[in-house]
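[1] no FASTA, just this:
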């Protein structure tokens, strides 16, 4: 437990771990490969609307978990009884501007290439790497 000197609150760091590799492989083979394709298409369609944008971005930031059960954040902080992500994000206005200018169209291309690699046997490693970074490509989300 660490003491945050700026606010006088107690902060505890909680590490996350992924399920074992065998379970992750079984998940991917039975569910992850098709669920990721469905969620990718749905998220990108939601991102094309103003009303669906928050849900679309929420889905995109969780695609690595849907594909391979990879934890969303490497660790969390417990601050005054609240659980918060341990990874700091860039300023909201910068992320919003990036999404409007680049993220919305680049993420569609990124997801299409990632899924094409995912369904090919040879492209697995690159596809997993790409899905792990889709939140960053779309909104500069840090995981």
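    Cool, the structure landed. As the structure is a prediction and not an experimental result, all values here were calculated from the model.
[2] Could I get the full set of strands for the protein?
    2-3, 10-15, 75-79, 82-85 (DSSP state E).
[3] Determine the set of other helices and strands touching the longest one.
    In this structure, strand 10-15 makes packing contacts with strand 2-3, strand 75-79, judged by 3 or more Cβ pairs under 8 Å, 6 or more residues apart in numbering; DSSP states H and E. In this view, the C-beta of every residue, glycine as well, is placed from N, C-alpha and C.
[4] rank the ones you listed by mean pLDDT and give me the bottom one.
    Note on the helices and strands packed on strand 10-15: lowest mean pLDDT is at strand 2-3, with a mean of 46.
[5] And residue 35, what's its pLDDT?
    Per-residue pLDDT puts residue 35 at 94.
[6] got a list of what it touches?
    66-67 (Cβ atoms under 8 Å, 6 or more residues apart in numbering).
[7] and it, how far is that from residue 43?
    Per Cβ to Cβ, to the nearest Å, residue 35 is found 12 Å from residue 43.
[8] cool, residue 72 as well?
    Applying Cβ to Cβ, the value for residue 72 to residue 43 is 15 Å.
[9] neighbour-wise, which of these two wins?
    Between residue 72 and residue 43, counting by other Cβ atoms under 10 Å, residue 43 is the more crowded of the two (26 against 16).
[10] Chain neighbours aside, what residue packs nearest to that one?
    The shortest distance from residue 43 to any non-neighbouring residue, by Cβ to Cβ, 6 or more residues apart in numbering, is to residue 59 (3.9 Å).
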